[in-house]
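[1] my questions are about this predicted structure, shown below with the sequence.
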There are 2 protein chains.
Amino acid sequence: MSDAPQSTEAVDDYLKAILELSGVDEDAVTSNALAEHLGVRAASVTGMLQKLAAREPSFVHYQKHYGVRLSVVGRRRALEVIRHHRLLERFLHDFLDYSWDEVHEEAERLEHYISERLEDRIAAKLGDPALDPHGHSIPEKDGAVAERHEVALASWPCDVPAAISSVSDRNPAELREMKRLGLLPGTVLVVEPGTRAGSILVRIGSDSPTRVSSELAAGIMLAGGPR
Amino acid sequence: MSDAPQSTEAVDDYLKAILELSGVDEDAVTSNALAEHLGVRAASVTGMLQKLAAREPSFVHYQKHYGVRLSVVGRRRALEVIRHHRLLERFLHDFLDYSWDEVHEEAERLEHYISERLEDRIAAKLGDPALDPHGHSIPEKDGAVAERHEVALASWPCDVPAAISSVSDRNPAELREMKRLGLLPGTVLVVEPGTRAGSILVRIGSDSPTRVSSELAAGIMLAGGPR
DNA sequence: GACATAATTTAGCTAAACCTAAATTACCAC
DNA sequence: GTGGTAATTTAGGTTTAGCTAAATTATGTC
């Protein structure tokens, strides 16, 4: 009934980072990788992991000198925060005239502070959307996540058409550039065999091919066929 | 350009409290009054006031054993946070189906975390409203506040009609009760001469009079004539 | 003017979440 | 299996914002 804060902003950020870095296969994540991702020192990570593991209920399974995995409870909280983030992005974009390069920063702050009630009202207002503006799927309220097979643009074969399924939301400048080039979720493209160091040649529809820098390409994921 | 946090949540809360407690005449506020209002110990207040005064630029003028007043900078920040709060209340109420007893709690948390951009978009979406759902006026972006003359229901004379200008948003149960009784901002009422200990008799329109407990009445402000 | 009571401040402590610098442990090559 | 480097943890320190208990200052009464 109450919205007692079960976790702090810092804790939420660690849980999200562990989920993101552990990937689909849910590998153990190293302190160093977390430190890098979160922009803090490795020593701070160790301290926090010890606290997360010591909590009752525990958010992570932690073995020193090896790495961390999320516990069931930790994974659940991470998915809740990600749901908040993506619903907020969709809402800011669709209802408050945010462009797709502006939504991430605002959502990143607010995701920690919205109540369950607000989460529900936003979801209802949006008609329970499945995707955020960058094509990432929004976890359901019960923690279920839609299974999707994605492949990085850089490792897609030439001459095989594919649709963009999602793009990284981290860098506003890159997002503006993608939009300018027409690289949006849903866009169908073909990789041309003109790959040079540092860039990939792609064709969209019947236009002439576009050169996409590796940096930009790194943020682009394609829908991989079933399995 | 950036949204560097110029103040923390706790600091914001102190500034708002000082503004509210100092009233229209901007009296100095005592540590005890602040402690009571904020739900912390007086010793904690002293510590915080010392920090607020030591800041550069300073948020308050503080004299020990006497009290605090807001500095220009402190007043400005307090009004900005109050603007956030009231815009959020209006937005949650008008766009996200919040009832008027639900908006305060959510706005109280979010007011500290919305960016200037979001403040502006919400204001635009609402058409720059002047009042929140409880009738409190929303400070303008430049810090201007509409002058209003309000008088507590308890000190209004009998048989003189008056309109409710605002009601306290602090207590959800009281707000539900006010709504049930039709005591809303804009409602015109007359105080009847049947005042007993602990309650006030009021008539709304041509209905039969209603007995309003002093507690409820304490949250009701009437529009006082010009002066 | 002395004294009791109330208001306020000081002193010293705690918990988060970060930091730096100094150990320690793991891993890989030879 | 010994060494060197990289990864990780420990130890000790900082800031923010709260706490309790003890000291101090202010206020009001006789």
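    Sure thing, it's come through.
[2] quick one: name the residues of chain A near chain B.
    Listed as neighbours of chain B in chain A under the rule Cβ under 8 Å from any Cβ of the partner chain: A:92, A:95-98, A:102, A:105-106, A:109-110, A:113-115, A:117-118, A:121-122, A:124-125. Any C-beta I mention is one placed from the backbone N, CA and C, and that applies to glycine too.
[3] I'd like to know which elements the biggest helix by length in chain A is packed against.
    Taking DSSP state H as the criterion, chain A has its longest helix at helix A:72-95. Under the contact definition 3 or more Cβ pairs under 8 Å, 6 or more residues apart in numbering or on different chains; DSSP states H and E, helix A:72-95 sits against helix A:9-22, helix A:103-110, helix A:116-126, helix B:116-126.
[4] off-centre distance for the helix or strand following the first one?
    Put plainly, it is helix A:9-22. The element immediately downstream of helix A:9-22 (helix or strand, assigned by DSSP states H and E) is helix A:31-38. Between the centre of helix A:31-38 and the centre of its chain there are 16 Å (Cα atoms, centre = their mean, to the nearest Å).
[5] coming back round to it: so the longest helix of chain A versus helix B:116-126, what angle?
    If you take axes from the mean of the first three to the mean of the last three Cα atoms, to 10 degrees, helix A:72-95 sits at 50 degrees to helix B:116-126.
[6] need the nearest residue in space to the residue in chain A that DNA strand D sits nearest to, chain neighbours excluded.
    Closest to DNA strand D within chain A is residue A:32: 2.6 Å, counting by Cβ to the nearest atom of the strand. The spatially closest residue to residue A:32, leaving aside those adjacent along the chain, is residue A:42, at 5.6 Å (Cβ to Cβ, 6 or more residues apart in numbering or on different chains).
[7] before we move on, what about residue A:88?
    Closest to residue A:88 by Cβ to Cβ, 6+ apart is residue A:107, at 3.9 Å.
[8] so what's that neighbour up against?
    Counting by Cβ atoms under 8 Å, 6 or more residues apart in numbering or on different chains, residue A:107 touches A:84-86, A:88-89, A:92.
[9] related to what we said a few turns ago, please, a ChimeraX command that selects the buried ones among the residues of chain A next to chain B?
    In ChimeraX, this line selects whichever of those come out buried by 16 or more other Cβ atoms under 10 Å in any protein chain shown:
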select /A:92,95,96,98,102,106,109,110,113,114,115,117,118,121,122,125
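[10] point out where chain A drops to low pLDDT.
    Scanning chain A for pLDDT under 70 picks out the ranges A:1-5, A:195, A:225-227.
[11] one more time with 50
    Applying pLDDT under 50 to chain A flags the ranges A:1-4, A:227.
[12] sorry, back to before: residue A:151: which of the helices and strands packed on helix A:72-95 is closest?
    Residue A:151 lies closest to helix A:9-22 among those, at 17.6 Å (Cβ to Cβ).
[13] what sits up against the closest one?
    With Cβ under 8 Å, 6+ apart, helix A:9-22 has contacts from A:7, A:28-29, A:33-34, A:37-38, A:45, A:48-49, A:52, A:59-60, A:68-70, A:74-75, A:77-79, A:81-82, A:111-112.
[14] repeat the analysis, applying 7 Å as the threshold.
    Residues outside helix A:9-22 that contact it (Cβ atoms under 7 Å, 6 or more residues apart in numbering or on different chains): A:29, A:33-34, A:37-38, A:48, A:52, A:59-60, A:68-70, A:74-75, A:77-78, A:81-82, A:112.
[15] what does stretch A:81-96 give?
    Stretch A:81-96 is contacted from outside by A:12, A:15-16, A:98, A:100, A:103-104, A:106-108, A:110-112, A:114, A:119, A:122-123, A:126, A:129, A:132-133, A:136, A:138-139, B:121, B:125, using Cβ under 7 Å, 6+ apart.
[16] does it reach DNA strand C?
    No. Judged by Cβ under 7 Å from any atom of the strand, stretch A:81-96 makes no contact with DNA strand C; its nearest approach is 13.4 Å.
[17] in that stretch, which residues are buried?
    Neighbour counts using 16+ other Cβ under 10 Å place A:81-93, A:95-96 of stretch A:81-96 among the buried residues.
[18] for those, which one is nearest residue B:206?
    residue A:95 (42.1 Å).
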